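Asker: after the sequence you'll find the predicted model.
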Amino acid sequence: QVQLVESGGGLVQAGGSLTLSCTASGRTFSNYYMGWFRQAPGKEREFVAAISRSGSNTYYTDSVKGRFTISRDNAENTVSLQMNSLKPEDTAVYYCAAKLTARLVLFTRANEYDYWGQGTQVTVSS
């Protein structure tokens, strides 16, 4: 089992930047495929970005490509989401998630992940 704790959320003006961090504890972090999801009020949780176990492969939903960057540090047991050029529609609770897998495939559905953090609020004002 792995425990995930997000940090770094907050209030930012449109066009600004935030960096979210997720720290994992419990098991070997490098065994986990990691993802970021977000959920806005009244909407379903949606995939934002994912990163392979080694960090060599990253994936993004179309709406954040070119603005968000996912990265991980397996020595520090952290995964980060650098968010630039933020828009009001990026407002949501952001969650990091972990999947224990050796498969080299893309996981974008929330129900494919095994562990979740508690979430951190990101609010972008116009």
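Answerer: Right, received. Where do you want to start? Quantities reported herein were computed from a predicted structural model and do not represent experimental measurements.

Asker: so what's the residue nearest the centre of the chain closest to, chain neighbours aside?
Answerer: Taking CA atoms, centre = their mean, the centroid of the chain lies closest to residue 36, which sits 2.1 Å from it. Spatially, and ignoring its direct neighbours in sequence, residue 36 is nearest to residue 48 (4.4 Å; CB to CB, 6 or more residues apart in numbering). The C-beta positions use only the backbone N, C-alpha and C, and glycine is treated the same way.

Asker: shouldn't that neighbour be within a strand?
Answerer: Yes. The assignment for residue 48 is a strand, going by DSSP: H, G, I helix; E, B strand; the rest coil.

Asker: what's it in contact with, if anything?
Answerer: 35, 36, 37, 38, 60, 61, 64, 68, 81, 94 (CB atoms under 8 Å, 6 or more residues apart in numbering).

Asker: and the nearest residue to residue 31 once chain neighbours are set aside, how many neighbours?
Answerer: In space, residue 31 comes closest to residue 100 once its chain neighbours are excluded; the distance is 5.9 Å by CB to CB, 6+ apart. The number of residues packed near residue 100 is 15, by other CB atoms under 10 Å.
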